[in-house]
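1. Below are the sequence and a predicted model for it; my questions follow.
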Amino acid sequence: MDSRRSSSSFFDREKHVVFLQMMNQLLPSDYQGQEINRLTLAYFAISGLHILGALDEVDKEEVSSWVLSLQAHPRNEAELNNGQFFGFHGSRSSQFPRDDNGVLIHNGSHLASTYCALAILKIVGYNFSCINSKSILTSMRNLQQPDGSFMPTHVGAETDLRFVFCAAAICSMLENWSGMDKEKAKEYILNCQSYDGGFGLIPGSESHGGATYCAVASLQLMGFIENDILSKSSSSSIINVPLLLDWSLQRQAADGGFQGRANKASDTCYAFWVGGVLRILGGYKFIDKKALHRFLLTCQSQYGGFSKFPGQLPDLYHSYYGFSAFSMLEEPGLIPICVELGIADIAAIGH
Amino acid sequence: MEWKEEGEKRPLSQRPEWSDVTPVPQDDGPNPVVPIAYKDDFTETMDYFRAVYFADERSLRSLHVTAEAIHMNAGNYTVWHFRRLILEALNADLHEELNFIKKVANGNPKNYQIWHHRRWVAEKLGSDATSKELDFTKKILSLDAKNYHAWSHRQWVLQELGGWEDELAYCKQLLEDDIFNNSAWNQRYFVITKSPFLGGLEAMRESEVNYTVGAIIAKPENESPWRYLRGLYKDDAQSWVNDPQVSSVCLTVLSAKRNTVFALSTLLDLLCHGFQPSQDFINAVDALKTPDLDQSDSNLATAVCSVLGHMDPMRVNYWAWRKNKLPAQTA
């Protein structure tokens, strides 16, 4: 079968639902390398089904109990304050039982997994008052660095804008900002704005669509920039909005798709990352929706799902962001998303 | 610290040196979501990793099993974390470790955990590692000149360990290879603003403007040098407006009537910042108007927006909005 002839002329919602259901049942062994963050894969599958209007297929109780089983819990106040992060593990591969003395020596819980866990719980309508949010928020502060950025685990890892976003989204979903120093986080974000208006993942690095989403969504969640800032005529802003707007719009390439960086190929997922930035700023109306729609359909797989580039095999990550992009394009049958949290609007607001 | 022979494919359960270890299976329940169809060798390796990790056995065989686990799953940060603990406990030769990382990175050049581990090792080695790190990132960039991780690591090396001397020349070389390489332009900006061997942004501005103008003239459709040019005046819009080289390169490109979009949008931004255009600019924009456009637009900025709507139809709504927002007194 020539996969190059995979695009059709319409968004094939039913095929995508089947694709996600299959992934939900069993992921092929190619996904072994993503074992450590299975929670993220679960988020793609479940949030994807939600956006496609097919959440009924999901057993919400089962999902909640599996997600909650991945949470790290401190035994007492002392343990809570020992410098570890008590969030969620991405899978059992970083989660180990306490040793014979009841000490939790192996705690691999991770900020990104925590974000995904809470997002899933929001989606399935779990009662958030039942979540031990105090231990998450208190211990999350241990992950914030002197420069305002976040490390995702206390055992040591790279620090960059992705985890600032995770932290902000976690605080937002838990409706409690005690988990982070917002001012310091803001400073770090501002230091990431590049000379061309976009944001890099760390200060000094090249402006990038994913990093820019993390920056803008975080600032919006933390309340440092207003939603739809472009329609507010007199606002000044802590970031260079005109330059950012121009940079973001320029990311729509000649083939109609969005690129992550200047002079690079268009890739499905940036329709969400950069499209999302524009949506938050109030500039989504400036894109060429028809051209984007056309491009995205060339990345739609005959097996359901979306690939990164036209005519390739689909993967869960690009599929999810493809669905999100179509939701932003107001595809019939898809439900609206809350761009800055990365979940459906209705999940963000609460059932 | 011998690297395990590539040919060693015997399952761990059949290797004598592992006979005293009971592998620890993964307890996935209850009702796991998105289960993965693990291959047998993956499962076995991870079961043995779990055993030594849980027992906190920081030995040579543990080091070997982390290598095997990494080869199957380079994203597992728990394995990398334990490997670091073992390396410290065994007081391992970190130069050897750099070789190990190089091998793993060959198959996974875009993996965050590998690069973080590399940084950890380099940090421990300090300036002993400087030239190796610059060579390593150069090698990766020769295969993919835009590898984001390689560039971040390289910037970290320069700032923490040094080696700035040849960096501007390196950027120049990369831009000669591909003038559209936005990563190289970004690195160039990084170097001219931060290198202790150059004078900083303002001191470098004039020579950089010359360089950038040359790049623009060569390929006016290249977004990178236009953004770079603006960036050279980062917090000083007035100097950007007043620099005759900036407006002049716009005029040159507009007059050539090819690939004019960035020249037009730059001119628009200049006008919005108070640039006073000469008749040459008005004539150049007039010459780009198509018959269907309003020929009587006496306002240059408005005319530029109209032409942009035609030349850059992807962003027609944006240019219409820009036109609408123009203050009445813009030239």
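-> Received it, and whenever you're ready, just let me know what you need.

2. mind checking how far the residue in the stretch 151-300 of chain B that chain A sits nearest to is from residue B:186?
-> Closest contact between the stretch 151-300 of chain B and chain A, by Cβ to the nearest Cβ, is at residue B:231 (2.9 Å). The way it works is simple: take the backbone N, C-alpha and C, and place the C-beta from them, glycine included. Computed as Cβ to Cβ, to the nearest Å, the residue B:231 to residue B:186 distance reads 9 Å.

3. follow-up on the earlier one: please name the residues that touch the residue of the stretch 151-300 of chain B closest to chain A.
-> By Cβ atoms under 8 Å, 6 or more residues apart in numbering or on different chains, the contact list for residue B:231 reads A:194, A:195, A:196, B:189.

4. Need phi/psi at it.
-> Taking degrees, to the nearest 10, you get phi -60, psi -30 for the backbone angles of residue B:231.

5. do residue B:101 as well
-> The phi/psi pair for residue B:101 (degrees, to the nearest 10) is phi -60, psi -40.

6. gap between the nearest residue to it once chain neighbours are set aside and residue B:140?
-> Nearest non-adjacent residue to residue B:101, counting by Cβ to Cβ, 6 or more residues apart in numbering or on different chains: residue B:118, 5.0 Å away. Counting by Cβ to Cβ, the separation of residue B:118 from residue B:140 is 10 Å.

7. contacting residues for residue A:79?
-> Counted by Cβ under 8 Å, 6+ apart, residue A:79 has contacts residue A:104.

8. which element is it on?
-> helix A:77-80 (DSSP states H and E).

9. for that helix, what is the average pLDDT?
-> When pLDDT is averaged over helix A:77-80, the result is 87.

10. Next, the buried residues of it.
-> Within helix A:77-80, the residues scored as buried using 16 or more other Cβ atoms under 10 Å in any protein chain shown are A:79, A:80.

11. Over to stretch A:22-30?
-> Buried residues in stretch A:22-30 (16+ other Cβ under 10 Å): A:23, A:24, A:27.

12. okay, and the common contacts of residue B:231 and residue B:186?
-> Counting by Cβ under 8 Å, 6+ apart, the residues touching both residue B:231 and residue B:186 are residue A:194.

13. in stretch A:176-186, what counts as buried?
-> A:177, A:179, A:180, A:182, A:184, A:185, A:186.

14. what's next to that stretch, contact-wise?
-> A:133, A:136-138, A:140-141, A:144, A:147-150, A:164, A:167-168, A:170-171, A:218-219, A:222-224, A:238.

15. What subset of these is buried?
-> A:133, A:136-138, A:140, A:144, A:148-150, A:164, A:167-168, A:170-171, A:218-219, A:222, A:224.

16. Run through the residues that contact the spatially most central residue of chain B.
-> By Cα atoms, centre = their mean, chain B has its centre lying nearest to residue B:148, at 3.4 Å. Counting by Cβ under 8 Å, 6+ apart, residue B:148 touches A:201, A:205, A:206, A:208, B:110, B:183.

17. With adjacent residues omitted, what lies nearest to the third one?
-> The shortest distance from residue A:206 to any non-neighbouring residue, by Cβ to Cβ, 6+ apart, is to residue B:186 (4.0 Å).

18. and what of residue B:60?
-> Nearest to residue B:60 is residue B:90, by Cβ to Cβ, 6+ apart, at 6.8 Å.

19. Residue B:61 is in contact with that neighbour, correct?
-> No: look at residue B:90 against residue B:61 with Cβ atoms under 8 Å: they stay out of range, at 11.2 Å.

20. which of the two has more neighbours?
-> Neighbours per residue, other Cβ atoms under 10 Å in any protein chain shown: of residue B:90 and residue B:61, the larger number sits with residue B:61, 17 against 14.

21. so what's the more buried one up against?
-> B:17, B:18, B:52.

22. May I have the secondary structure class of the residue of chain A found nearest chain B?
-> Going by Cβ to the nearest Cβ, chain B is nearest to residue A:195 of chain A, at 2.9 Å. Here residue A:195 takes the coil state, with states given by DSSP: H, G, I helix; E, B strand; the rest coil.

23. dump the residue contacts of it.
-> B:189, B:227, B:228, B:230, B:231, B:232, B:234.

24. Find the nearest non-adjacent residue to the last one, please.
-> Going back to what we said before, that points to residue B:234. In space, residue B:234 is closest to residue A:195, 5.7 Å off (Cβ to Cβ, 6+ apart).

25. Got phi/psi on the one you found?
-> phi -60, psi -20.

26. Could you measure from the residue lying closest to residue B:185 once chain neighbours are set aside over to residue B:182?
-> Counting by Cβ to Cβ, 6+ apart, residue B:185 lies nearest to residue B:224, which is 4.4 Å off, once chain neighbours are set aside. Distance, residue B:224 to residue B:182, by Cβ to Cβ: 5 Å.

27. between those two, what contacts are shared?
-> Joint contacts of residue B:224 and residue B:182 (Cβ under 8 Å, 6+ apart) are A:262, A:263.

28. and the stretch 51-200 of chain B, which residues reach chain A?
-> B:53-54, B:56, B:72-78, B:81, B:84, B:112-113, B:115-116, B:119-120, B:146, B:148, B:151-152, B:155, B:180-183, B:186, B:189-190, B:194 (Cβ under 8 Å from any Cβ of the partner chain).

29. Sort out which of those residues are buried, if you could.
-> B:53, B:72-78, B:81, B:84, B:112-113, B:115-116, B:119-120, B:146, B:148, B:151-152, B:155, B:180-183, B:186, B:189-190, B:194.

30. Please give the element, helix or strand, for residue B:265.
-> helix B:261-272.

31. and what of residue B:185?
-> Using DSSP H and E, residue B:185 sits within helix B:182-194.

32. what about the longest helix in chain B?
-> The single longest helix within chain B, with elements called by DSSP state H, is helix B:201-218.

33. Just the buried positions in that one, please.
-> Applying 16+ other Cβ under 10 Å to helix B:201-218 flags B:201, B:204, B:205, B:208, B:209, B:211, B:212, B:213, B:215, B:216 as buried.

34. any chance of those in a markdown table, with pLDDT and distance to chain A too?
-> Converted to a markdown table, those look like this (pLDDT from 0 to 100; distance: Cβ to the nearest Cβ, whole Å):
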| residue | pLDDT | distance to chain A |
| --- | --- | --- |
| B:201 | 95 | 10 |
| B:204 | 96 | 13 |
| B:205 | 96 | 13 |
| B:208 | 98 | 12 |
| B:209 | 98 | 14 |
| B:211 | 98 | 15 |
| B:212 | 98 | 12 |
| B:213 | 98 | 17 |
| B:215 | 98 | 13 |
| B:216 | 98 | 14 |
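
35. Do me a favour and get the end-to-end distance for stretch A:151-170?
-> 14 Å (Cα to Cα, to the nearest Å).

36. and residue B:245, how many neighbours?
-> With other Cβ under 10 Å as criterion, residue B:245 counts 13.

37. Could you do residue A:60 as well?
-> Count around residue A:60 with other Cβ under 10 Å applied: 16.

38. Same check on residue B:169?
-> Counted with other Cβ under 10 Å, residue B:169 comes out at 10.

39. for residue A:69, same thing?
-> Residue A:69 - counted by other Cβ under 10 Å - has 17 other residues nearby.

40. now it: how far from residue B:47?
-> 20 Å.

41. hang on, the earlier thing: shared neighbours of residue B:118 and residue B:140, anything?
-> residue B:105.

42. Tell me which stretches of chain A form helices.
-> Going by DSSP H, chain A shows helices at A:13-25, A:38-51, A:60-68, A:77-80, A:111-123, A:133-140, A:161-174, A:182-191, A:209-222, A:241-250, A:270-281, A:289-298, A:316-328, A:345-349.

43. could you check the angle helix A:38-51 makes with the third one?
-> Orientation check (axes from the mean of the first three to the mean of the last three Cα atoms, to 10 degrees): helix A:60-68 against helix A:38-51 gives 150 degrees.

44. Noted, bye for now.
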